[in-house]
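need a structure here:
(one chain, ligands or ions: 1)
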Amino acid sequence: MPQTILITGGAGFIGRAVARALVARGDRVRVLDRLIEQVHGDRVRPEGLPDAVELRIGDIRDGRAVAEAVAGVDAVIHLAAEVGVGQSMYDVDRYVAVNDHGTAVLFQALIERPVRRVVVASSMSVYGEGLYRGADGRVREQVVRQPRSRPDAPWDPLDEEGRPLVPVPTPEWKRPALASVYALTKYAQERLTLMLAPAYGMEGVGLRLWNAYGPGQALSNPYTGVLAIFASRLHNGVPPVIFEDGHQRRDFVQVDDVAQAFLLALDRPKAAGQVYNIGSGEDRSVREVAALLARAMGRPDLTPEIAGKARAGDIRHCIPDLTKARDELGYRPARDFTDGLTELAAWVAAQEEARDRVEEARRELDRRGLVA
Ligand code: UD1
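Alright, predicted model coming up:
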């Protein structure tokens, strides 16, 4: 039976991919989105949002707009959020307002008009540093990055004897360690959903997403994901800037795989009340993805600049354990990374402009002492 799904923040990069997947299977989709300039420029209707989608322009903090948007829907996918880890460390009030207060406003409306299920986009950032294994084979859960005392100090977290710890896949049971305002707000969004949904006869599900990438990512937003930032730099003929030494590891997941995860999270009865890691199952270093992307974009000559400095709020390594998502959701990431980069490169090449605001953003962080 087709359902009507509200996607908050559904005009964004992930939301449009989810909307396309829902429309393709016959669901009706309504989007509530503020179309902020940092992400959308001056576009009125974003490219890649299917015509069948009902687009309502409104703020997630506007109780009336939200109450009208939830009327008559079967389920909600809650994506409306500010998403930059670095920016969250100085635009604190905006991040807390949009992400936390916004989620509160959504639930205030849902208390009046409950839906079957609410799926919220949480983030791997709630873990802080992922799980690590020490040279003694022991797994460490609460690893914290040491401040670097000397320029030649190692970037990797160390054990008690000063030996580097090695990242291992992080399962959902790892306790949160919130290292940025962004992470704190994502955790609040996730917990509000899992606490309030069942209190009002709804089901809540949280997806802890790793680094999503793909065509349609906001190229002119300097706080978007690292692959879009690198793509926009290369497109403009300037080298990417890599923070730290570039050996930090992440899991890059193609946005269509993320969209499939949202559909499964909407449908699977077992998912009620649960959180799931969503990634690709393959981890890579930032340096490695910079080189692969430069090659895919035909600019291997643009050697990245290694900043040798860390962005405040960034974690060193975190890679997902996908066992629970595989077993309970039936999640099977299908997109190959090399193909994904080729597709991203082709899409970027077809874009007329990508305003490079990365220097601006870097100056902003520098001025506040948030890169050191
Ligand atoms: C990103 C998402 C966040 C999501 C999380 C899940 C964005 C804006 N943020 O945060 O919403 O919850 O993934 O994993 O999409 N880096 C550089 N050079 C740059 C930019 C970044 O070296 O120009 C490095 C960073 O220092 C970091 C890594 O790349 O080590 C990843 O950064 P980023 O893409 O911002 O991702 P997250 O902080 O993981």
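
what residues does the stretch 151-300 of the chain put near the ligand?
Along the stretch 151-300 of the chain, the residues adjacent to the ligand under the rule CB under 6 Å from any ligand atom are 209-211, 223-226, 229, 241-243, 248, 250, 286. Where C-beta positions appear, they are placed from N, C-alpha and C, glycine not excepted.

so which pair among these is furthest apart in space?
The largest separation in these, counting by CB to CB, is between L209 and V241 at 23.9 Å.

Domains of this structure: list them as residue ranges, please.
In terms of domains, the chain is parsed into 4-131+169-367, 132-168 (source: automatic domain parsing).

Ignoring the adjacent residues along the chain, who's closest to R45?
Counting by CB to CB, 6 or more residues apart in numbering, the nearest residue to R45 once its immediate chain neighbours are dropped is L55, at 6.3 Å.

Enumerate every residue touching the nearest residue to T170 once chain neighbours are set aside.
Nearest residue to T170 in three dimensions, chain neighbours excluded: G130, at 3.9 Å (CB to CB, 6+ apart). Neighbouring residues of G130 by CB atoms under 8 Å, 6 or more residues apart in numbering: M124, P167, V168, P169, T170, K174, I315, H317, C318, I319.

Likewise for Q108?
Shown in contact with Q108 (CB under 8 Å, 6+ apart): G63, V66.

Pull out the buried positions in whatever helix or strand it lives in.
Taking DSSP states H and E as the definition, one finds Q108 inside helix 102-112. Under the neighbour-count criterion of 16 or more other CB atoms under 10 Å, helix 102-112 has G102, T103, A104, V105, L106, F107, A109, L110 buried.

Out of the residues you listed, which is nearest to A199?
Ranking these by separation from A199, with CB to CB as the measure, puts F107 on top at 9.4 Å.

In space, what's closest to the closest one - neighbours in sequence excluded?
Skipping the residues right next to it in sequence, F107 comes nearest to L196 by CB to CB, 6+ apart, at 4.7 Å.

my read: that neighbour touches A109, true?
No: the pair formed by L196 and A109 falls short of the contact definition of CB atoms under 8 Å, at 11.4 Å.

A294 reaches R287, doesn't it?
No: A294 lies out of contact with R287 (CB under 8 Å); the separation is 10.9 Å.

quick revisit: quick one: name whatever helix or strand follows the helix holding Q108.
Counting by DSSP H and E, the element after helix 102-112 in chain order, helix or strand, is strand 117-123.

Could you check the angle that next one makes with helix 102-112?
With axes from the mean of the first three to the mean of the last three CA atoms, to 10 degrees as the basis, strand 117-123 and helix 102-112 are set at 170 degrees to each other.

Neighbouring strands - and their directions - for the helix or strand just after strand 117-123?
Beyond strand 117-123 in the direction of the C-terminus, DSSP H and E gives the next helix or strand as strand 132-133. Paired strands of strand 132-133, with direction, are strand 139-140 (antiparallel), strand 166-167 (antiparallel) (DSSP bridges).

chain center to strand 132-133, what's the gap?
Between the centre of strand 132-133 and the centre of its chain there are 24 Å (CA atoms, centre = their mean, to the nearest Å).

can you check stretch 53-72 too?
22 Å.

what's it in contact with?
By CB under 8 Å, 6+ apart, the list of residues contacting stretch 53-72 from outside reads 4, 6, 8-11, 19, 23, 28-35, 45, 49, 76, 80, 97-98, 101-103, 105-106, 108-110, 112-113, 115.

can you pull out the strands in the stretch 1-150 of the chain?
4-8, 28-33, 54-57, 75-78, 117-123, 132-133, 139-140 (DSSP state E, counting those that start in this stretch).

Check which helices and strands the longest one sits against.
Spelled out, that is strand 117-123. Here strand 117-123 is seen to pack against strand 75-78, helix 181-199, strand 203-209, helix 255-267 when contacts are counted using 3 or more CB pairs under 8 Å, 6 or more residues apart in numbering; DSSP states H and E.

how far is whichever helix or strand comes after the last one from where the chain is centred?
Downstream of helix 255-267, the next assigned helix or strand under DSSP H and E is strand 275-278. The offset between the C-alpha centroid of strand 275-278 and the centroid of the whole chain comes to 12 Å, using CA atoms, centre = their mean.

Name the strands paired with the helix or strand following strand 275-278 and say parallel or antiparallel.
From strand 275-278 onward toward the C-terminus, using DSSP H and E, the following helix or strand is strand 283-285. When pairing is defined by DSSP bridges, strand 283-285 lines up against strand 249-254 (antiparallel).

Perfect, I'm done here.
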